[in-house]
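Undergrad: Below is the sequence, then the predicted model.
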Amino acid sequence: MSQLLEMKNITKIFPGVKALDKVNLNLRSGKTHILLGENGAGKSTLIKVLSGAHQPESGEIYINGEKAVIASPSDAFKYGISVIYQEFQLAPNLTIYENIFLGRELTNSFNFINKRKSIVKTKEMMDFVGLDITPGTLVKDLTIAEKQMVEITKALVFDSDIIVFDEPTATLTDKETKRLFEIIHQLEEEGIGIIYISHRLEEFKEVGEKCTILRDGKYIDTVELKETSKEELVNLMTGRKINRDKKRCDICSPDKIVLKVENLNYKDKVKGVSFHLCEKEILGVSGLVGAGRTELVKTLIGEYSKDSGKTYLNSQEIEFKSPADAIKNNLFYLSEDRKDEGLFLGHSIRNNITISSLKRVTNKGVLKRKHEEQICDDLIKNLNIKTPNMHTEALTLSGGNQQKVVIAKGLCRQAQIYIFDEPTRGIDVGAKEEIYEIMDQLIQDGSSIIMISSDLPELLRISDRIMVMADGSLVDTFKNTKNLSQQKILSAAVGGGKK
Amino acid sequence: AQEINIGLIPMTLSNEYFIALINGAEQRAELYDVELTVQGPQTHADALAQLEQMENMISRGVDAIVIVPSSSEALAPALLKAEEAGIPVINLDTKFNQETLANAGVSPIPFIGTDNYVGALDAGKLALELLDGEGQVAILEGISGQQNTYDRKNGFIDGMENKLDVVATQTADWEVEKGYNAAQNIMQANPELDLIFGSNDGMAIGAYRAILEAGKEDEIFVIGYDAVPAALESVKEGELYATIAQFPAEMGKRGIDAAMQIINGEQIALKDSESTVTTPITQENVEAMMNYLDNYID
Amino acid sequence: MSTLDNTKTMNGGFLANDKTVLDYLSDYGIYLGFLIIFAIFSVVSSSFFTVSNVSNIIIQSSIIAIIAIGQTVVILTEGIDLSVGSIAAFISIALGIMMVDLGIAVPLALFLSIVMGAIIGLINGFVISYGKVPAFITTLGMMSIARGGALAINGGRPVSMLPRSFGVISSASVFGIPIFIIYVAVFYTLMYFLLTKHKLGRYIYAIGDNSEASRLSGIKVKAVKTSAYIFSGLFAAMGGIMLTARLNYASPTSGSGFELDAIAAVVIGGTALSGGQGSILGTLVGALILGTLRNGLSILNVPGFYQQIIIGVVIIVAVFFDKMKRD
Amino acid sequence: MSTLDNTKTMNGGFLANDKTVLDYLSDYGIYLGFLIIFAIFSVVSSSFFTVSNVSNIIIQSSIIAIIAIGQTVVILTEGIDLSVGSIAAFISIALGIMMVDLGIAVPLALFLSIVMGAIIGLINGFVISYGKVPAFITTLGMMSIARGGALAINGGRPVSMLPRSFGVISSASVFGIPIFIIYVAVFYTLMYFLLTKHKLGRYIYAIGDNSEASRLSGIKVKAVKTSAYIFSGLFAAMGGIMLTARLNYASPTSGSGFELDAIAAVVIGGTALSGGQGSILGTLVGALILGTLRNGLSILNVPGFYQQIIIGVVIIVAVFFDKMKRD
Ligand SMILES: Nc1ncnc2c1ncn2[C@@H]1O[C@H](COP(=O)(O)OP(=O)(O)OP(=O)(O)O)[C@@H](O)[C@H]1O
Ligand SMILES: Nc1ncnc2c1ncn2[C@@H]1O[C@H](COP(=O)(O)OP(=O)(O)OP(=O)(O)O)[C@@H](O)[C@H]1O
Ligand SMILES: O[C@@H]1[C@H](O)[C@H](O)CO[C@H]1O
Ligand SMILES: [Mg+2]
Ligand SMILES: [Mg+2]
């Protein structure tokens, strides 16, 4: 069978970084090819070379055996390549249907847009992918997961020969993920070749057959997934072994409650939620996309102004009027949306890390540069952030490394209570373990953690208790004992939604 | 010997009045075979630009500076510098306020220009005659703080013997656009208006455009001041009723004369103030004035 | 996705593309603000709300309104055009010279003027898109260049005695409606359709909203951006022509400050300087608000100095209520 | 990541906080551009590169340079301040009235002027941060209000005959260095440290880069933004005082166009209008470039109209090479 796509000896250099070093990739039609590698290994860069977003220093691309020249994204479209980027590429103030057809509008011969047809076709495609929103909704009003689904829809609307998914499931819950896999298999049947990037090793066997591994910008190997164990994959990808089977079990002692929330309400997004958090506890928060988890914690910290409810911090009633209030009281929230709410993309890693903790590194407001750099150095090492140095702009980091910077910002603050919202989004397996260990360390040092995650195995891996939300309400809270299963949480999440 | 260089700074470069003044000065400079350096701001009211232009000329080491100040009071610091550098200054058209200068320690500066009170008296008389002794008039004033501005306003009022009703006076900084806007405002508020005295032609021309636009060209007369070519054409066409001619080219010439006298160390016979004449121009004598002006503006 | 309903689409968005004029009226405080300002003047002064004065207001607002069309397009792409006032002046003088000194026939001179405006816009757009010089700098530079050019080509002198036939451009009327009002109506309608129904309009919005996403969607970002500046140059030229016709006189110092007025009209009308959001109809209202304030205050005979103070306050307050309403 | 080296830090970033003066010189095309412009004038005219003329240039640039400090701070927060020129004029007149008509002692009058400037800035900042009115509109409104105020408080008349002791503010010198140069040096140094070495500076940059992330990082965004406008009002007042001292005269129509000059200095100096990126030292160079061009062309006796054309072209070209160098 002939190759649909061959990428040969692709080399891409950024100032100071060889992001790709003679990388090869082959793809057949009707197959899904998985691309694996640690954060910063070069996966997204390879994709951007394919899509014409980056020009490589050297290397060739063949499509159906013929040499392809891809100088711009519009060239890539001509070759039938569609890409769903890791960092969303949507216009927030345009509607869903406008985004879906952006660059390839349905028009009459005078280039006037056929709005009705665009909406109808969008609706059709959204039904197909299982996205139940009005096509006229502005993209900025969507949740991260919804945006991801819009990206996917956008790629599917056009007849492509090659579709690339760069970490599509990082923000999706099981329900959407399942639907996505069904779609992928359907696409395979239509003869489309798919490149699939993910850090969720569990998914791989469900999706594809072959997997190419990159490490430090270099091509390592291409393996058959049937013949390769997870451990081997991790080995190939990191060059070392990782122990992934730990599980936290020390259930909290209820006498030491650090945070108590009573009957919190915010519009129809958060409905009468009450819960507590104990000292040295990790409280997992589960729920389907749009269950209101993010809204709950944003209401808690005063980012949204609550309609009613009480908060007690260390048994004292307290009112957070803004995130600044919460942070001042040592309660720190890390957003799920690193690009819009987490990072200062144009600023250095150092400035990102210390922005919430400038008290630590200033004397009467004046920065102590050495001290600051020492702290940053330590965090960069601790979290293994791949970067030339701390003065690099956050913008140039790979997705996963950007996420680590967000976490470093939180750690730098040394808070009593952390609220992590999807903290491991886009982080590779090895690094995830490291982050869990850091969380363990935080707990041992006396902090408490609320962890929102759509990754159930992760919640089960690390939480002491797991509370499940649906439709803005708290449905149930489980102790994370040995017999708590994914299924049990999931059915609570789904069941609750139907109430 | 080193070539003599005289700096000329008009109030602005974008007014035909000063173009005539510059051309007069240039003709004279050619006669003396000296170099003339002309720098000027884009608008009438930019004292800071003039200050800087003076500084730059002093830096260049010009032998004399001839200036029409944007403000009668604002340039003392640069005048002091010129004095320190031994560069003589001649004042044209718009008179420095001697009191302010003295207060700042600047020695008296010779002046050559129009007696604007006298010129504006004529304008006032014309208006009175035209309106037959009664009616509503508005005055568009020049830049606040300039002697010309006050002299022309007072001259006009005295000329019409205070018989006409001054319903509005607005400053328009000698600019066409501002004259246009001010006239629009004045007409909106005073539907019965009979005449506008634009204390320079730019403002008068702007005012006439506004009148034309409001369709009131048969109701409101306009009298200007300066006799720039555009105004003369307008008078000829029966648009502006009249303008008071000044002779800026004359000022330019005599400014250079005076500068040369001082440079040559002649104890000049120059009084501290010299006047050039004014003449009222209406349709009757407009052709002659146009012919005269052709010598100074192409 | 639990609580999705239609109200979200209805209230949430404030993008032109999806809305009818009626939607706007209810959505936007600024339309209301305009009506309130208008109502106040009508009550306070009897000579304000008359056919002739209303037509006056529109005519007085029309030059800025026309120039602001191009400015809207540019701002939607996250750009800015500071050169419009100088372009208007340059075109004004050039047109005067063509008609008077060169004796070029009026229609041809008009055509050439518009072409020149478009070319200046093209130069702006080219330097910005391909030279990557920020729009602010490029158009500030062009502001200076075009002004210098306007002054230099005729030695700082104005051009008067324009041909009679040229005057028709401003004095004509159609079914009793002054032609300036017709220009405004026609060009706003055309550009409304272009921006909301045409592919190019969609691209203009998309680029302003997210230029990287637009690029990755295959839009030729540089070309579209350049086209925005061509529009701006073209409408600035049109403004220059209207100005010349209105004054029957071409002055090289005219049009200064038009850029701020035009940008103000755009921003008062709800278009964000950060691009991607706004509407051309809002711009029209913005221009009319400015025109109405100036006209109304002078009818009330408020002294010039105080007019400025009041206009400043009213603009801020109007936009404040607009924001309140939308939040 | 195979080949990591240090060149990255040298070329990649372009944020102020991390750089020394030397880094800049090598990083930024604009510094080089400035030197080239300077060199050309020195070669072409013998009276350009003299102690007295260089001091002239700095003095002539100093008012815009001082006003542009505040403008830099505002622009770093993704704002803009169009009211600085009018504030300068208002303060100028107010100061004149205080000293001449009210007989307030010079030092007290100066102090009150600065406080007034800060208060006007506070009002701007408050309306922008808490009232959510876009900075462009708020400061455009304030531009009109302050100008109207400047005209109204003295009936449009200038104030002259200022006390002799006031003149010292511009005529004094320290170790032979004209005091205006000292002002520039002192305030730029102070603000350089504030912006790069102080917490508040970090916050100002952060807000400009991502205001939502700033909020969630615990920064009091509204308060910091407001402080930026206070700085701007304060430095505008300082500019107004300097202007008054330089002319020994206070005029209500002065300072118009200062806002564009100040913004131009900031943007030529490499600060992005989109906020979060740039440096105060760049602004100084930007102001000096403008001043040098004006001075040099006038020393060369280039006719006024052509000066404008050349300035426009040079600014665009300088920034073009700056961008080239950085990309
Ligand atoms: N625009 C850029 N400028 C400079 N360096 C870049 C740029 N984009 C990517 N890099 C660098 O290239 C390397 C590869 O990044 P890439 O985004 O391809 O990683 P990735 O494999 O997709 O990682 P992740 O799993 O975290 O998404 C990283 O070191 C990153 O810092
Ligand atoms: N900016 C917004 N404007 C309007 N509605 C929003 C906005 N953000 C979220 N929503 C809606 O609020 C509801 C709850 O969203 P939220 O982000 O809190 O969910 P979540 O449980 O955290 O899910 P996710 O896994 O997507 O983060 C969803 O229905 C979503 O559509
Ligand atoms: O005398 C002159 C002229 O009238 C000119 O038009 C403006 O400045 C005045 O001082
Ligand atoms: Mg990636
Ligand atoms: Mg969430």
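TA: Ah, there it is. Residues are numbered from 1 along each chain as shown, chains lettered A, B, ... in the order given. Ligands and ions are numbered 1, 2, ... in the order given.
Undergrad: From now on I want contacts and neighbour counts done on CA atoms only, so please keep to that.
TA: Noted.
Undergrad: Which positions in the one helix or strand A:Ser74 maps to come out as buried?
TA: In the assignment (DSSP states H and E), A:Ser74 maps to helix A:73-78. Neighbour counts over helix A:73-78 (16 or more other Cα atoms under 10 Å in any protein chain shown) mark A:Pro73, A:Ser74, A:Asp75, A:Ala76, A:Phe77 as buried.
Undergrad: Which helix or strand lies directly C-terminal to that helix?
TA: According to DSSP H and E, the helix or strand after helix A:73-78 is strand A:81-84.
Undergrad: Run through the strands of the stretch 101-250 of chain A in chain order.
TA: A:162-166, A:193-197, A:210-215, A:218-224 (DSSP state E, counting those that start in this stretch).
Undergrad: My error: substitute the stretch 151-298 of chain B in the last question.
TA: B:165-171, B:195-198, B:221-226, B:242-245, B:273-276, B:279-281.
Undergrad: can I get those in CSV with distance to ligand 1?
TA: Shown next, in CSV, are the strands of the stretch 151-298 of chain B (distance: least, Cα to the nearest ligand atom, whole Å):
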stretch, distance to ligand 1
strand B:165-171, 57
strand B:195-198, 63
strand B:221-226, 65
strand B:242-245, 68
strand B:273-276, 72
strand B:279-281, 73
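Undergrad: Out of these, which is closest to A:Leu94?
TA: strand B:165-171 (49.1 Å; Cα to Cα).
Undergrad: Show me what that closest one is packed up against.
TA: Counting contacts by 3 or more Cα pairs under 8 Å, 6 or more residues apart in numbering or on different chains; DSSP states H and E, strand B:165-171 is packed against strand B:136-141, helix B:176-189.
Undergrad: How far away from the center of its chain is the shortest one?
TA: To tie it back to what came earlier, the one meant is strand B:136-141. 18 Å (Cα atoms, centre = their mean, to the nearest Å).
Undergrad: Report the angle between it and strand B:221-226.
TA: 20 degrees (axes from the mean of the first three to the mean of the last three Cα atoms, to 10 degrees).
Undergrad: mind listing what strand B:136-141 pairs with, with the direction of each?
TA: strand B:165-171 (parallel), strand B:195-198 (parallel) (DSSP bridges).
Undergrad: Centre of the chain to stretch B:61-75, how far?
TA: 15 Å.
Undergrad: Is that stretch positioned near ligand 3?
TA: No - Stretch B:61-75 lies out of reach of ligand 3 by Cα under 6 Å from any ligand atom, never closer than 7.6 Å.
Undergrad: ok so, going back, save the buried residues of helix A:73-78 as JSON lines, and put in distance to A:Gly16 and pLDDT too.
TA: Below are these laid out as JSON lines (distance: Cα to Cα, whole Å; pLDDT from 0 to 100):
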{"residue": "A:Pro73", "distance to A:Gly16": "25", "pLDDT": "91"}
{"residue": "A:Ser74", "distance to A:Gly16": "29", "pLDDT": "90"}
{"residue": "A:Asp75", "distance to A:Gly16": "28", "pLDDT": "92"}
{"residue": "A:Ala76", "distance to A:Gly16": "27", "pLDDT": "93"}
{"residue": "A:Phe77", "distance to A:Gly16": "31", "pLDDT": "90"}
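Undergrad: closest to chain C among these?
TA: A:Ser74 (4.1 Å; Cα to the nearest Cα).
Undergrad: so what's that closest one up against?
TA: A:Gly52, C:Leu216, C:Ser217, C:Gly218, C:Ile219 (Cα atoms under 8 Å, 6 or more residues apart in numbering or on different chains).
Undergrad: is it possible to export the residues you listed to a markdown table including secondary structure?
TA: Below are those laid out as a markdown table (DSSP: H, G, I helix; E, B strand; the rest coil):
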| residue | secondary structure |
| --- | --- |
| A:Gly52 | coil |
| C:Leu216 | helix |
| C:Ser217 | coil |
| C:Gly218 | coil |
| C:Ile219 | coil |
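Undergrad: Quick one: classify A:Leu283 as helix, strand or coil.
TA: Going by three-state DSSP: A:Leu283 is strand.
Undergrad: re earlier: which of the helices and strands packed on strand B:165-171 has the lowest average pLDDT?
TA: Comparing mean pLDDT across these, the weakest is helix B:176-189, with a mean of 90.
Undergrad: when you scan that helix, is anything in it near chain C?
TA: Yes - under the criterion of Cα under 8 Å from any Cα of the partner chain, helix B:176-189 makes contact with chain C via B:Glu177, B:Asn185, B:Ile186, B:Gln188, B:Ala189.
Undergrad: For the stretch 1-150 of chain B, just list every one of the helices.
TA: B:16-32, B:47-60, B:76-84, B:98-103, B:116-130, B:147-159 (DSSP state H, counting those that start in this stretch).
Undergrad: next one: the stretch 251-400 of chain A
TA: Counting by DSSP H, counting those that start in this stretch, the helices of the stretch 251-400 of chain A are A:293-300, A:323-328, A:349-354, A:358-361, A:369-382, A:399-413.
Undergrad: again, but for the stretch 51-200 of chain C
TA: Using DSSP H, counting those that start in this stretch, helices in the stretch 51-200 of chain C cover C:51-76, C:84-96, C:106-129, C:135-153, C:164-171, C:179-197, C:199-209.
Undergrad: Now do the contacts for the residue of chain B found nearest ligand 2.
TA: Of all residues in chain B, the one sitting closest to ligand 2 is B:Asn181 (47.1 Å; Cα to the nearest ligand atom). Shown in contact with B:Asn181 (Cα under 8 Å, 6+ apart): B:Gly206, B:Ala207, B:Ala210.
Undergrad: Now pLDDT, neighbour count and distance to chain C too, for the residues you listed, in CSV please.
TA: Putting the contacts of B:Asn181 into CSV (pLDDT from 0 to 100; neighbours: other Cα atoms under 10 Å in any protein chain shown; distance: Cα to the nearest Cα, whole Å) gives the following:
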residue, pLDDT, neighbour count, distance to chain C
B:Gly206, 93, 25, 8
B:Ala207, 96, 33, 10
B:Ala210, 91, 24, 7
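Undergrad: Filter these down to the ones in helices?
TA: Mapping the contacts of B:Asn181 onto helices (DSSP state H) picks out B:Gly206, B:Ala207, B:Ala210.
Undergrad: for the second one, what are its contacts?
TA: If a contact means Cα under 8 Å, 6+ apart, then B:Ala207 has B:Val176, B:Gly179, B:Tyr180, B:Asn181, B:Ala182, B:Ala183, B:Gln184, B:Ile196, B:Gly198, B:Val222 as its contacts.
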